[in-house]
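[1] This is a predicted model, with the sequence first.
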Amino acid sequence: MNFSEVFKLSNQLCKFSPDGKYLLRVTVWSLCTKSVSYIKYPKACQQGISFSRDGRYLALAERRDCKDYVSIFVCSDWQLLRHFDTDTQDLAGIEWAPNGCVLAAWDTCLEYKVLLYSLDGRLLATYCAYEWSLGIKSVAWSPSSQFLAVGSYDGKVRILNHVTWKMLTEFGHPAAISDPRVVVYKEAEKSPRGALGRPACPPPRAAESKYEIAAVPVSLQTLKPAADRANPKIGVGALAFSPDSYFLATRNDNVPNAVWVWDMQKLRLFVVLEQLGPVRSFQWDPQQPRLAICSGGSKVYLWSPAGCMSVQVPGEGDFQVLSLCWPVTGDSLALLSKDHFCLCFLETEDGADALGQLGDHT
């Protein structure tokens, strides 16, 4: 396929409505047969397109005649399988369960509502935690499809079970950690010293840091949100399950420097990692319970049940890691800055712990 021709025709293939709110058509290009399929009425929302994990089905959020709908397509020939309306005021997102049997849909943040649909469009359950306040901010399925985690603007994560679709438990994000069973790792700067104990000169390219285990009780750094501005920095803005569904990692946006790791078998807080800067992104290794974190600096942070470590990104210049991504094999890590990316390879030896080491990059 000649992608340059696609870009030349992009204003014809994809158009927005006059108010800029709705995309009028989705174009699906086959890279094998060069065939083209068109899907009308997609809704431009937080997460309006979701593929099932096996790649068989596509769920698409739609807006027609001031009403929300979901269409389910068969990806092999893009034929419409099901089309049904959703009981939402302003559909914000949809997400397939990993087993492809249930589709979760959630409403705008002004209305707390999660709806669970079967593959044939039947409404299985509706969940609402509270009313008259900002509602859902993030949603994540566990890889086993047994749990649905719902992050809310009230700073709590509610775990729904796959049998009754009722709340199994809820996790809060307190600014003070007092439970002695919880391990709190705090990133701390360490200044290199010269031969006589004076600070090294010239100063290093980036300040070195290490993790220290803090004694509880521990107070975390909190951010006071601006109540008079849109999109306040409050609530659970990021959720991610480990590949074995044993751990859940969360970030509460008004405690921006911390990552909480929850034990999903014991349903309690397991570890808290507090960084020196706001956490920009975190993602689990798809092959094992190993969490990679970045906070906009030149380091990558890795945590596993064996412990945690911070690693300086090799290379020239100040590489600020803004996002990261694991491949399905879990043997490397792609780091993204504003203008560049770095590919790090994790080298392990026989008997090495679960953290591994960051190696060379290209």
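    That came in fine, so what should we check first? Residues are numbered from 1 along each chain as shown.

[2] so where's the stretch 1-150 of the chain uncertain?
    1-24 (pLDDT under 70).

[3] Let me see the ranges of the helices in it.
    Assigned by DSSP state H, counting those that start in this stretch, the helices in the stretch 1-150 of the chain fall at 3-8, 10-13.

[4] okay, now residue 131: neighbour count?
    Other residues near residue 131 number 9, with proximity taken as other C-beta atoms under 10 Å. For every residue, glycine as well, the C-beta is placed using N, CA and C.

[5] Look up phi and psi at the closest residue to it other than its chain neighbours.
    The spatial neighbour of residue 131 that comes closest, neighbours along the chain excluded (C-beta to C-beta, 6 or more residues apart in numbering), is residue 112 at 6.7 Å. Note on residue 112: backbone dihedrals following degrees, to the nearest 10 are phi -80, psi 100.

[6] Distance of residue 112 relative to residue 49?
    With the distance defined as C-beta to C-beta, to the nearest Å, residue 112 ends up 23 Å from residue 49.

[7] same question, residue 251
    With C-beta to C-beta as the criterion, residue 251 and residue 49 are 24 Å apart.

[8] the more surrounded of these two?
    Counting neighbours by other C-beta under 10 Å for residue 251 and for residue 49 shows that residue 251 has the greater number, 25 against 15.

[9] What score does the more buried one have for pLDDT?
    Reported pLDDT at residue 251 in the predicted model: 96.

[10] for residue 199, same thing?
    For residue 199, the model assigns a pLDDT of 52.

[11] same thing with residue 227?
    At residue 227, the predicted lDDT confidence score is 70.

[12] which SS class is it?
    Counting by DSSP: H, G, I helix; E, B strand; the rest coil, the backbone at residue 227 sits in coil.

[13] cool, residue 184 as well?
    Going by three-state DSSP, the secondary structure assigned to residue 184 is strand.

[14] With the one 3 residues further on instead?
    When the structure is reduced to helix, strand and coil (three-state DSSP), residue 187 reads as strand.

[15] I'd say it and residue 274 touch.
    Yes - counting by C-beta atoms under 8 Å, a contact exists between residue 187 and residue 274, whose distance comes to 6.6 Å.

[16] Which secondary structure element is home to residue 308?
    According to DSSP states H and E, residue 308 maps onto strand 307-312.

[17] Pull up the pairing partners for the next helix or strand after that strand, direction included.
    Of the helices and strands lying after strand 307-312 in sequence (DSSP H and E), the nearest is strand 323-325. Its sheet considered, strand 323-325 pairs with strand 332-336 (antiparallel) by DSSP bridges.

[18] Can you point out the buried residues in the strand it pairs with?
    When burial is assessed from 16 or more other C-beta atoms under 10 Å, strand 332-336 yields the following buried residues: 333, 335, 336.

[19] which stretches of the stretch 1-150 of the chain form strands?
    Using DSSP state E, counting those that start in this stretch, the strands of the stretch 1-150 of the chain run over residues 25-29, 36-40, 49-51, 57-64, 67-74, 79-85, 93-96, 102-106, 114-118, 123-127, 136-141, 147-152.

[20] Would you mind saying which of the ones you listed lies nearest residue 342?
    Shortest distance between residue 342 and the strands of the stretch 1-150 of the chain, using C-beta to C-beta, is found for strand 136-141: 26.6 Å.

[21] got the angle between the closest one and strand 102-106?
    Taking axes from the mean of the first three to the mean of the last three C-alpha atoms, to 10 degrees, one finds strand 136-141 and strand 102-106 inclined to each other by 170 degrees.

[22] strands paired with strand 136-141, and their directions?
    In the sheet containing strand 136-141, the strands it pairs with under DSSP bridges are strand 147-152 (antiparallel).
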